[in-house]
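Enquirer: fold the following for me, if possible:
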Amino acid sequence: MVVTCISAYSKIQLNENDTYISYLPMAHVLERNFFYTMIWYGVRIGLYGGDILKIKDDLAVLKPTVFTSVPRLFNKMYEAIHKAFNEKNYCL
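Expert: The predicted structure is shown next:
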């Protein structure tokens, strides 16, 4: 865990002014590593409300500066944004 924390800091500068949203299960290795890394550097940690379908509301409240995710959620976000643009008839 120490190596993970130190190597993360070499890529991004973290401090107590940052906020992290934790929404993946703690059994997920990515979540566990990031959770410990955020604790290591004193980053504020916000826990999501428990409903993944309402994570957009949690993001609006917490305003995280650090957000880790898995491809499935990024794909859902992409699809929602793409659908919104198509409904508004914007030219891309």
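Enquirer: would you list every one of the helices in this structure?
Expert: 2-11, 29-40, 55-62, 71-88 (DSSP state H).
Enquirer: I'd like those helices as TSV, with mean neighbour count and mean pLDDT appended.
Expert: Yep, even glycine has a C-beta here, placed from its N, CA and C like the rest. As requested, the helices of the chain are exported to TSV (neighbours: other C-beta atoms under 10 Å; pLDDT from 0 to 100):
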stretch	mean neighbour count	mean pLDDT
helix 2-11	12	65
helix 29-40	16	88
helix 55-62	14	89
helix 71-88	10	86
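Enquirer: quick one, which of those is nearest to Y23?
Expert: Proximity to Y23, assessed across the helices of the chain by C-beta to C-beta, is greatest for helix 55-62 (6.0 Å).
Enquirer: from the contact counts, what lies against that closest one?
Expert: Packing contacts for helix 55-62, counted by 3 or more C-beta pairs under 8 Å, 6 or more residues apart in numbering; DSSP states H and E, involve strand 19-22, strand 44-47.
Enquirer: so which of the helices of the chain is nearest G46?
Expert: That would be, of these and by C-beta to C-beta, helix 55-62, which comes in at 4.0 Å.
Enquirer: CA atoms of that closest one as CSV?
Expert: Written as CSV, here are the backbone C-alpha positions of helix 55-62 (Å, rounded to 0.1, in the frame of the first residue of the first chain):
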residue,chain,number,x,y,z
ILE,A,55,-24.3,9.6,-8.4
LYS,A,56,-24.7,12.8,-10.5
ASP,A,57,-26.4,14.4,-7.5
ASP,A,58,-23.6,13.3,-5.2
LEU,A,59,-21.0,14.7,-7.6
ALA,A,60,-22.9,18.1,-7.6
VAL,A,61,-22.9,18.2,-3.8
LEU,A,62,-19.3,17.0,-3.2
